[in-house]
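Q: fold the following, please.
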Amino acid sequence: MPLSLLKKAPRLVRVACVATLLASFAPEVSAQRAAGPDRPADFMDPAFHRQRRELLRQKLPARSVAVLFASPVRNRANDVDFKYHQDPDLFYLTGYEEPDAVLVLFKEPQTVGGQSGVTEALYVQPRNPRAEQWTGRRLGTDGTKQQLKLQYVADNKEFAAAKLPWSSFEQVLFLDQPQDARDDTSNPGDVYSLIQTFRQGANFPADYNPSRNEAYAMIRRYSGTPGTANLAPYLTNLTQEQPQLGSDRYLQAYLKASTDDARKQAVAALPTSRFDGAALSTLLDEMREIKTSEEIKHLRQAIRISAVGQQEVMKAMKPNMTEMEVQGLHEFVYRKYGAEFEGYPSIVGAGNNACVLHYTVNDKPRLGNDLVLMDCGAEYHGYTADVTRTIPATGKFTTEQRQIYELVLAAQQAGFEQCKPGSAFRAPDEAARKVVTEGLLKLGIIKDAKEARQYFPHGTSHYLGLDVHDRGTYGPLRAGNVITVEPGIYIPENSPCDKKWWNIGVRIEDDVLVTDKGWENLSKEAPRTVAEIEALMAKSSALDDFKLPELK
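A: All right, here's what the predicted structure looks like:
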């Protein structure tokens, strides 16, 4: 799933009926947690989350506290909510999947609720038989203690009564607090109330601006480094987007500084605060970009499921299908293998729709003779795949389709070869972009190398994990990184080139594990070459004989 480098990581560095045919695919099993007979057995072991919490706590500054909130429940329409999805950072640290919770990590042990020596406290929603009759069983405090093994667990309503010693902490670290949390007056422990309790108890500054806080943090982090050149344009853009920052004298002082000494003085003059909304994010970037063996098992599962989905759709696709039907086939395979979610809204674009990078309407009524771009990924136990294949609805590439496809394939191979420890994060992009530019020139689609960006407008790689565009530092590649390699060429109707190229959009995306010796393509089971795709599309599908009655 493409994401421009400008939109990734810390903002500056941002510069993602079939039982027979599936029988051979056996899920891998990782460490179990006590989930009960009606839950899958391969959840992450509580020890994984405990180790993540302890590693984060060790990284915290002396005499500090870190606070993380659950995602809010989000409304879909009227009295219907979206299916709940936990905040990835809270899930990473706890394994807790329910709303209305807050995690507090203490650098030094504290006395909490009469219990001494507490370094971690999780406040969760209580059991409620009436609510559970409607929306499902809750863990409650006892279940959370038993299954997730945290040191201290309490009812979320006790967070207000706990009166944690906020004033004693020299630094209070937190992530951006959700702005869309609803105030459910019938629920005194909802995440809205938890946030208000934190802000009041910690004497949170009324004029706190997360963008300003992040801008200050980035100046401190990147000024005087190779990133300095990108810092001023980013800050200028930020002040234009948010007028209240345009008058910030500290930002303006930095932007007006024209020498290294002047910039150093501007950095030294930045105001300090014990409330830090950037440091915790940076620490989690560093931790989450390197995947543990347990995480790689779940990622392999999500990616294999997604690759099998691509295989089965290749066999089943027909020109008279709709984009929505193709989406449904992918997502059926995901559910067949126990994937709880899609990692992101499925992208199925035929013809000109394939030239819309994040096209999710998926409502074209007939594929016809078009190329069909399918950017789809299963989410398995929190970890998401991101796999794209582009195939001809007819089963055979036309001459022009093949030429563009094979150019993108060559660019992807060049990107793969840069996926090794020590390579710059941008190295796969630079290698792929060089191949695309030279190829477009050779085909006569562009006359100047600078025009290539028009047809290849996004970055080639992003991290993958609990988020499709996952956390990371975007520094040099390291063993344990899982990234995408996804070059593309998009030639929409009315492009300034020969009409024979119009309505061709191609993206090929694979999920790559950086290893000590190089790289491993985790999604290699999804055919990539023209010959492999055409051969598989010529095979029959178990869905060929699946007929539903017509609706009149």
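
Q: over to residue 536. Which of the three states is it?
A: helix (DSSP: H, G, I helix; E, B strand; the rest coil).

Q: could you measure from it over to residue 317?
A: From residue 536 across to residue 317, the span is 10 Å (C-beta to C-beta, to the nearest Å). From N, CA and C alone the C-beta is placed, and that goes for glycine too.

Q: comparing those two, which shows the higher neighbour count?
A: When neighbours are counted by other C-beta atoms under 10 Å, residue 536 and residue 317 differ, and residue 317 comes out ahead with 22 against 19.

Q: my guess is the more buried one meets residue 539, correct?
A: No: in this structure residue 317 lies outside contact range of residue 539 using C-beta atoms under 8 Å: 11.3 Å.

Q: can you give me the neighbour number for residue 261?
A: Other residues within reach of residue 261, judged by other C-beta under 10 Å, total 9.

Q: which SSE is immediately downstream of the helix or strand where it lies?
A: In this assignment (DSSP states H and E), residue 261 forms part of helix 260-268. Remark: after helix 260-268, the chain's next helix or strand is strand 275-276, criterion DSSP H and E.

Q: in its sheet, what does that following strand sit against?
A: The strands beside strand 275-276 in its sheet (DSSP bridges) come out as strand 171-174 (parallel).

Q: hmm, who's touching the strand it pairs with?
A: Residues external to strand 171-174 that are found in contact with it (C-beta atoms under 8 Å, 6 or more residues apart in numbering): 60-61, 63-68, 166, 198, 202, 274-277, 279-280.

Q: just the ones of these in helices?
A: Of these, the ones assigned to helices by DSSP state H are 198, 279, 280.

Q: now render these as JSON lines, adding distance to residue 512, pLDDT and neighbour count.
A: As requested, these are exported to JSON lines (distance: C-beta to C-beta, whole Å; pLDDT from 0 to 100; neighbours: other C-beta atoms under 10 Å):
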{"residue": "198", "distance to residue 512": "39", "pLDDT": "97", "neighbour count": "21"}
{"residue": "279", "distance to residue 512": "30", "pLDDT": "94", "neighbour count": "19"}
{"residue": "280", "distance to residue 512": "28", "pLDDT": "97", "neighbour count": "24"}
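
Q: adding distance to residue 90, write those residues out as a markdown table.
A: Converted to a markdown table, the ones in helices among the contacts of strand 171-174 look like this (distance: C-beta to C-beta, whole Å):
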| residue | distance to residue 90 |
| --- | --- |
| 198 | 14 |
| 279 | 17 |
| 280 | 12 |
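
Q: mind giving me the ChimeraX command for buried ones among the contacts of strand 171-174?
A: Restricted to buried positions by 16 or more other C-beta atoms under 10 Å, the ChimeraX selection for the contacts of strand 171-174 reads:
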select :60,64,65,66,67,68,166,198,202,274,276,277,279,280
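
Q: how near is residue 254 to residue 238?
A: If you go by C-beta to C-beta, the gap between residue 254 and residue 238 works out to 12 Å.

Q: more neighbours: which of the two?
A: The neighbour comparison of residue 254 against residue 238 (other C-beta under 10 Å) goes to residue 254, with 23 against 19.

Q: and that one, that's in a helix?
A: Yes: judged by three-state DSSP, residue 254 forms part of a helix.

Q: pretty sure it contacts residue 235?
A: Yes: Residue 254 is within contact range of residue 235, at 7.0 Å (criterion: C-beta under 8 Å).

Q: identify the contacts common to these two.
A: Listed as contacting both residue 254 and residue 235 by C-beta under 8 Å, 6+ apart are residue 219.

Q: and of the ones in helices among the contacts of strand 171-174, the nearest to residue 470?
A: Closest approach to residue 470 among those (C-beta to C-beta): residue 280, at 16.3 Å.

Q: residue contacts, the closest one?
A: By C-beta under 8 Å, 6+ apart, the contact set of residue 280 is 66, 68, 173, 174, 175.

Q: CSV for those residues, including pLDDT?
A: Listed next are the contacts of residue 280 as CSV, based on pLDDT from 0 to 100:
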residue, pLDDT
66, 98
68, 98
173, 97
174, 97
175, 94
